[in-house]
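K.L.:
sharing a sequence plus its predicted fold:
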Amino acid sequence: MGKALVLRASAVAGALAVSSAMLTGCGLSGAGSGTGDGSLLPQVRSQGIVMGGQQPVSGASIQLYTVGITGAGSVSTALITPGSVTTASNGMFTITGDYSCGSATQVYIVASGGNAGSGSNSAISLMAALGPCSSLTPSTFININELTTIAADYALAGFMTDYAHVGATGSNPTALVNAFNTANLLVSVSTGAIPTPPTGMTLPVKQLNTLADILAACVNSAGSASTGCSTLFSATGAAETIGAGLVIAKNPGSSSYTALYSLPSASAPFEPTLSTQPNDFTLAVNYTGAELLSPYGIAIDASGNAWVTNEAGQSVVKLPSLSAGFATASYSNGGLLAPRGISIDLSGNIWVANTGGNDVVKLNSLGVAQSGSGYTGGSISSPVAIANDGAGNAWIVNFSGNSITELSSTGTASGASPITGSGVLSAPTSLAIDSAGRVAVSNSATGQLCLFSSAAVLQSCVSDLTLLGATAVAVSGTSVSMAGSTSGASVAGAFTVATSTGTVNTVSPVSGAGLTLPMAVAYDGTGTAWFANTTSISEFAGSTAISPNTGIGSFNSPSGIAVDASGNIWTANSGDNSVSIFVGMGSPVTTPIAANVGQ
């Protein structure tokens, strides 16, 4: 048996006073410390407070969980056994050594039930994403409230089905660790407040506070029958507040949420908030900085870092995965000149379509050029897009050359390069590689999508005049999406590839969902297509529009879009020299993309 589990709390005037007293008082004595009567105190491992807005939650049940390791949404393991801890009248709780970190990895804490001042409320559920179990010490102080709950819901959305099912495949996978870091970037667990972000980063403060106030309207009520809870649960289909926040995080553009903005009272606990009804409930973190100048392409590496081509800045910028420590790096090695396309191979090398230099530059993960002054073989001419296959080969789109080029991992052109498809390529703009190693290429001049075998042999093309001006193409398994625009109309094509024959069959152009001159497209881990428009994102499942007619999110002229392994969606916004990261909006993918394709 482990050491006894006790609750140790004393009434104080406010939460901060309680925090200070608990951190410095005798409750932190280690095992073997005396009490004055010869008895021994149990070892305190961590402590904290549960708040409903600005009100302490008494009688709430506290449980510490470690994440599942058998896949996304796998069952979590309760660490406090038997039973749980209960909060005191001032919302305080203390956890002693009655749990083990022996088999635990990332841990989170949940408070359920209790009374926030309006009576017992079984609909209360609040959580905080803590991080490594080993980080819990006698000095750990945990604030659990609506803000920490929203941060956890959004950051962990791709790994979570409810608060008892948070997990991923394997022990401490990078993507899940990054997601826990993201939750703590948005809201500090130690203070329960939104922290000051690192220089160059802007957090969605008003959106976070607004969402927290919506949950607080239920938490600070008499229960499920109250207006605060019934309205929330009617809109989300949930039965408790963690679940409600998770539903919103997974589909932030749903029209069902229109009644939620008016739920908080005039004296809502978290400020400042959105002053008008939002178009959606997305949470976006923004990066800006002098190193970003007309950012264009974007690719995610295996660690969750984003590499961005800086077209006007003649460089490549590395932005770290969302975490508390933030430091960008800019690289101009290899003679970069107006770079656009970017891709990462399975060895972590960064390949850049160096448009202005008429060559391809290869950097290692430290930003050191591996290509000298650039690879030029295979008649590379105005390269605008690039992708790596599973063998480390790089495929390049030559806009001026009306061709594509295949380079080996060492930069040597294949015997078939340049590849023209018997003259069918006309002002090609983008390419993507499917799971069988086939290469899909978009033609802006003809509105064509052409498919080449992994041996660079043309297999088939389809045309759709609505896709004149096609700008981007993406592949998920055997599904292909192409973004484009013509004469101010906004269109996107959804296509399927017949695996056995290598032919492309058009489904039909898709519209709606806020499509407005889409410039880029990416797939997430469930095959959902995300199109980056002039000022918003459009979401499609096949040809079915998911996002509202206004689109979701807000940014300025994105030219690139990518999904990371934590389910965050990144856009490179050339209009205002920024990068936006929409937290938890997509389904996690394996990165780099080359890990998902053939050869």
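P.N.:
Perfect, I can see it now.
K.L.:
for the stretch 101-250 of the chain, which segments are assigned as helices?
P.N.:
Counting by DSSP state H, counting those that start in this stretch, one finds helices in the stretch 101-250 of the chain at the ranges 146-155, 174-186, 205-219, 227-236, 241-250.
K.L.:
most tightly packed of those helices?
P.N.:
Counting by mean count of other C-beta atoms under 10 Å, helix 146-155 has the highest mean neighbour count of the helices of the stretch 101-250 of the chain, with a mean of 31. Every residue, glycine included, has its C-beta placed from N, CA and C.
K.L.:
for it, packing partners?
P.N.:
strand 125-132, helix 174-186, helix 205-219, helix 241-250 (3 or more C-beta pairs under 8 Å, 6 or more residues apart in numbering; DSSP states H and E).
K.L.:
ok, which of those comes nearest Arg45?
P.N.:
Comparison of those against Arg45 by C-beta to C-beta identifies strand 125-132 as nearest, at 11.7 Å.
K.L.:
what lines up beside that closest one in the sheet?
P.N.:
Strand 125-132 pairs in its sheet with strand 106-112 (antiparallel), by DSSP bridges.
K.L.:
low-scoring stretches of this protein, by residue?
P.N.:
Filtered on pLDDT under 70, the chain yields the residue ranges 1-44, 98, 324-326, 465, 478, 485-500, 506-508, 598-599.
K.L.:
show me it divided up by domain.
P.N.:
15-186, 284-596 (automatic domain parsing).
K.L.:
make TSV from those and add distance to Asn251 to it.
P.N.:
Output for the domains of the chain, formatted as TSV (distance: least, C-beta to C-beta, whole Å):
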stretch	distance to Asn251
domain 15-186	10
domain 284-596	8
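K.L.:
of all the ones you listed, which lies closest to Lys250?
P.N.:
domain 15-186 (5.3 Å).
K.L.:
quick one, which of the helices of the stretch 101-250 of the chain is nearest to Val352?
P.N.:
helix 174-186 (23.7 Å).
K.L.:
output the contacting helices and strands for the closest one.
P.N.:
On a contact count with 3+ C-beta pairs under 8 Å, 6+ apart, helix 174-186 meets strand 106-112, strand 125-132, helix 146-155.
K.L.:
same list, the helices of the stretch 101-250 of the chain, but as JSON lines with distance to His165 please.
P.N.:
Shown next, in JSON lines, are the helices of the stretch 101-250 of the chain (distance: least, C-beta to C-beta, whole Å):
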{"stretch": "helix 146-155", "distance to His165": "13"}
{"stretch": "helix 174-186", "distance to His165": "13"}
{"stretch": "helix 205-219", "distance to His165": "20"}
{"stretch": "helix 227-236", "distance to His165": "17"}
{"stretch": "helix 241-250", "distance to His165": "10"}
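K.L.:
which SS class is the closest residue to Leu337 other than its chain neighbours?
P.N.:
Among residues not flanking Leu337 along the chain, Gly356 sits closest, at 3.4 Å (C-beta to C-beta, 6 or more residues apart in numbering). With DSSP: H, G, I helix; E, B strand; the rest coil as the basis, Gly356 sits in helix.
K.L.:
thought Ala338 was touching Gly356, still the case?
P.N.:
Yes: applying C-beta atoms under 8 Å, one finds Gly356 in contact with Ala338, separated by 3.2 Å.
K.L.:
hmm, Pro264 is touching Leu215, no?
P.N.:
No: with contact defined as C-beta under 8 Å, Pro264 and Leu215 do not form a contacting pair (9.4 Å).
K.L.:
what's the overlap in contacts for those two?
P.N.:
Common contacts of Pro264 and Leu215 (C-beta atoms under 8 Å, 6 or more residues apart in numbering): none found.
K.L.:
sort out which residues of stretch 400-417 are buried, please.
P.N.:
Gly401, Asn402, Ser403, Ile404, Thr405, Glu406, Leu407, Ser409, Gly411, Ala413, Ser414, Ser417 (16 or more other C-beta atoms under 10 Å).
K.L.:
could you look up the SS state of Tyr257?
P.N.:
When classified by three-state DSSP, Tyr257 comes out as helix.
K.L.:
can you tell me how far the closest residue to it other than its chain neighbours is from Ile300?
P.N.:
Once flanking residues are discounted, Tyr257 sits nearest to Ala235: 5.3 Å by C-beta to C-beta, 6+ apart. Per C-beta to C-beta, to the nearest Å, Ala235 is found 33 Å from Ile300.
K.L.:
same thing with Gly584?
P.N.:
15 Å.
K.L.:
between the two, who's got more neighbours?
P.N.:
Using other C-beta atoms under 10 Å as the criterion, Gly584 and Ile300 rank with Gly584 on top: 30 against 25.
K.L.:
part of a strand, is the more buried one?
P.N.:
No: using three-state DSSP, the assignment for Gly584 is coil, not a strand.
K.L.:
is it true that it touches Ala249?
P.N.:
Yes: in this structure, Gly584 is within contact of Ala249 by C-beta under 8 Å, at 5.3 Å.
K.L.:
what is in contact with these two at once?
P.N.:
In contact with both Gly584 and Ala249: Asp153, Tyr154, Ala157, Leu283, using C-beta under 8 Å, 6+ apart.
K.L.:
and the first one, what does it touch?
P.N.:
What that stands for is Asp153. By C-beta under 8 Å, 6+ apart, the neighbours of Asp153 are Met127, Met160, Ile242, Gly245, Leu246, Ile248, Ala249, Gly584.
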